[in-house]
Every structure is written in C-alpha cells, then in structure tokens.
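*Asks:* With the sequence up front, the predicted model follows.
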Amino acid sequence: VELAKQYGIYGFCFHYYWFSGKQVLERPLNMFLEHPEFDLKFALCWANENWTRRWDGFDDDILLKQDHSSENASKFIEDVLPYFKDPRYIKIDGKPLLIIYRPGLIDGIEEKVALWRNYCRSAGLGGLFLVAPEAFGLEDPRPIGFDALVEFPPLSDRSPSDITHEQTFHLDFNGQVRDYTTLRESYGKPENRFLKFNGVMPGWDNTARRGSNAMMLHGSTPERYQSWFASAIEQTINHKPPKYRYVFINAWNEWAEGAYLEPDRKFGFAYLNATARALQDVSSSPIDLLVATSGADEGGKQRDLSELLEQFNRHTNLNVQAIVEKGNLSDFFPTNNSTSAWQDLARKIKDPQELAGKLKMFLGAQLKAIYIHDLPSDKLLQTLFVMNIPVVCRLSDQEQVARISNLSISDRWAFLCKKGIHLEGVAPSLVY
C-alpha cells in the first residue's frame, strides 16, 4: 500500500475468486479489509470463470467450476456486501464499483444485474455501478444492463502485429510474439456512445503459465509504457467529467503473466517511476480556480459540490481544484489533490504567513480566484486571504468572510462585484 501511494496509485482493484460460496486466494484482500489504517481505495473484479490448472479460463483441467445459478447470484452479492460497505471502497455516481470479468458466461445476466442492483439499494448503497472488460466479444455494455466498459489489455479482439517470425526461440516454441507499440496504438479510441474507461499495461509474457505456447509482447520499455499511460490520462481528462476519470493498469503484481509494476531485478523501480512521471505531468497543469468548502462528509454535500465542479468542468476551460476540510471528494472527483495538500500543510505548519506561502506554491502562480462554496474554518479562510488572490463568495456568507478578511461589508461587496466577473472563460450563468 505504501509503495503504491508513493508512486501515485489511487487504488487497487482486487481479483475476487469466488466459486459458489468458496473463496480462494482471499488472504490478501481479507488482510486489507481487517486493517482500516491501510489508507488506499479499492474495488473488486469478480474473476467469474472456471479456475483451471493453467489459469486460462478454458474448460481443460478444471480445478474449481463456476456455477452461475440464480441461487449463487444471490449468495455472491451477499458475500461482497461487507467490502462494499468499507469506507475505502471506490464508488462512482455514489454506487460501489464492481467489475465482472466475463459477464458473457452468466446465463440470464440481465435478471441477475437487476437482482444485484436491488439488493444494493435495499442495503442503503444507492445501487451498483457495473463494469465489464472490453473483451470476449463484448463491445457495448448497455444491452446487458452494465454501466461501462473498461479496456483490459491485452484482452480484446484487436490483433497487434505478429512478429514471431522475426525472433529466435527454442525449437519447441509454439507461441506468439506480438509488438507492444502496435498493441498500444490499438487502444484509447474515443467512445461517444457509452462510458468506457481507458486501460494500459506495462508488458505481457505468460510463459510461466503457458510454457512453449506462451504469448508475449516484445518492445515494452518504461519509456513506452509512460507514453501510453500519459496519453490515456490526457484523453481521460479531455473527454470525461471528473467523476469518471479513472485509468486502469494491468497490473500491479501479475508476475505469472509478465504484467506488473512492482520492482524487479531487470528494471528496478523504472515502471513505478514512469507511472509517477506520467501522473506528475498531469498534476502540474496550472490551477485556475480553487473552490474552498467546509466539508464533503455527507452524501448530499458531496453531490452538491461534485455537481458544481462538474459544471465548471463542462462549461468553462478552467482547471478547477477543491479544498475540502472534512470528508473527501475522491469518489466523485478522483483527480483532486488540493485537499490532501492542504491537510498535510495545515498539520505541519502553524504560522499563517508560512502556511499561505506553501499553499500558494503548491497551487501555482496561474491561480486566478478562490470561490468560497460553503464556509470553511477561520484558519483556512485566513490562509486564503493572506495569499492575496481574489476571493468570491455567496451573499449569504459575506458577513463572515468580511470579518475574517478585515474588510467592511460594503468594501467586500464592491470587491465581489469587481472581481467576480473576471474569471476568464466562465459562462455568465456561473458568475455569482
């Protein structure tokens, strides 16, 4: 967890191995659940195919067989409920995110989807946000009642360049070698009909499982992976509202398939460093508008604030960040990092001038204005005013803001009227 956080990973999506009530490889997930101090978001991906000796999902050498009966559908959703209720669980649109690896294997999937959604609603979770990989012939999530697809390289119906003939292998090799660069270029196509999350991967080589019949990708380097990841991030920011800005990486530790970010002897920490660099390139984008609020610790406040931020994102060309004193916006606004910056600085620094200087340095010189959405603490308000950046607030909050800023109400009103219309790129309907 600490390693993932250090290099900018937002959360883990655990493969969930569940067979008619029997779990396998459950220990890491259960350990994670038992330790709330492991401060990292997470979600589940139900690996709902047969468990075979070669881990390939086919019907040869079955060790554990899946039974997708209606009875098991009910048992499954009951068993995952404790994970959904964990405060670290990733939610999209206020609903727990669940990936079903192969929904095409489930007969009557539409009825089971309705069952799962109703169960989650009755449990007070607001429903269920269902996602499936763009693989195994599934090209549109809507006919089966799912909310989105996720790219899951190398799983797809794409065919990257086969370069097996260009390589030299052991005489017994009967597998395939494909080109990493052409695989990368086949992903990331914009989709306007429905929601699709971008996916990337550092590499692939499943020799450990398939032996001489392996498939491997040739030409992966940390630099090429970084370029792919950065491109996926950029496309996600440009084409999706904040609440849908997730990029999936396959994988953190899939060692048996050569798809892992964890350090090894060959590359050391290079793929983790590439991950951090790609994220840093995005986070260094100048911030135009800062929204400050007292809290997002209740569902209504979270939705209210996330809708405001989405309006700015949709109707302006401003890069908007938010500082939230209580709770967090991560389920609605995963790309926001100003809150954690403020909380870290406020814990360490007592002097208002020094605190304002550090916060301003983090936010950057491009910051044009600060909008007080819901009155935060005096400490945060004082810090914001010391930064000497135009502050806009609602009329109902003007007395408190004036008191903190040592301006009279008439001065404050004149200040608001003067500064409130100078947010370049803001639609008139958004000026208070």
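*Replies:* Looks like it arrived, so ask away. Residues are numbered from 1 along each chain as shown.

*Asks:* contacting residues around L97?
*Replies:* A43, Y89, I90, K91, F129, V131 (C-beta atoms under 8 Å, 6 or more residues apart in numbering). Yep, even glycine has a C-beta here, placed from its N, CA and C like the rest.

*Asks:* give me that answer again for 10 Å
*Replies:* L97 sits next to 11, 13, 41-45, 84, 89-91, 128-131, 147-148, 150, 246, 331 when contact means C-beta atoms under 10 Å, 6 or more residues apart in numbering.

*Asks:* For the stretch 301-432 of the chain, which segments count as helices?
*Replies:* In the stretch 301-432 of the chain, helices defined by DSSP state H, counting those that start in this stretch lie at 338-348, 352-363, 378-386, 398-405, 409-419, listed in chain order.

*Asks:* Nearest approach to I237 belongs to which of those helices?
*Replies:* For I237, the closest of the helices of the stretch 301-432 of the chain is helix 338-348, at 15.8 Å, according to C-beta to C-beta.

*Asks:* Point out the ones among the contacts of L97 that are inside strands.
*Replies:* 11, 13, 41-45, 91, 129-131, 148, 150 (DSSP state E).

*Asks:* show me what contacts G104?
*Replies:* N48, E49, A132, A135, F136, G137, L138, I144.

*Asks:* and which of those residues is nearest to S220?
*Replies:* Using C-beta to C-beta, the contacts of G104 come closest to S220 at A135, 19.7 Å.

*Asks:* right, and N30 touches Q23 too?
*Replies:* Yes: shown here, N30 and Q23 form a contact pair, counting by C-beta atoms under 10 Å, at 8.5 Å.

*Asks:* how long is stretch 244-254 from one end to the other?
*Replies:* End-to-end span of stretch 244-254 (C-alpha to C-alpha, to the nearest Å): 25 Å.

*Asks:* Relative to the whole chain's centre, how far out is that stretch?
*Replies:* 8 Å (C-alpha atoms, centre = their mean, to the nearest Å).

*Asks:* Next one, pLDDT for A232 please.
*Replies:* Looking at A232, its pLDDT reads 95.

*Asks:* Name the nearest residue to it, sequence neighbours excluded.
*Replies:* What sits nearest to A232 in space, not counting adjacent residues and going by C-beta to C-beta, 6 or more residues apart in numbering, is N198, at 3.9 Å.

*Asks:* beta partners of that neighbour?
*Replies:* Bridge pairing for N198 (DSSP bridges) gives the partners V247.

*Asks:* Run a quick neighbour tally on it.
*Replies:* 27 (other C-beta atoms under 10 Å).

*Asks:* I figured it was touching A230, is that so?
*Replies:* No: if you go by C-beta under 10 Å, N198 and A230 don't touch, sitting 11.2 Å apart.

*Asks:* one step back: top of the ones in strands among the contacts of L97 by neighbour count?
*Replies:* Within the ones in strands among the contacts of L97, most neighbours by other C-beta under 10 Å means V131, with 25 neighbours.

*Asks:* which ones are touching it?
*Replies:* 13, 43, 45, 92, 97-100, 103, 141, 146-150, 195-197, 246, 248.

*Asks:* between the contacts of G104, which is nearest R178?
*Replies:* The closest of the contacts of G104 to R178 turns out to be A135 (C-beta to C-beta; 15.6 Å).

*Asks:* Report the separation between the closest one and W252.
*Replies:* A135 sits 19 Å away from W252, going by C-beta to C-beta, to the nearest Å.

*Asks:* Could you do L272 as well?
*Replies:* 10 Å.

*Asks:* Comparing those two, which shows the higher neighbour count?
*Replies:* L272 (22 against 17).

*Asks:* Let's verify the more buried one: helix, strand, or coil?
*Replies:* helix (DSSP: H, G, I helix; E, B strand; the rest coil).
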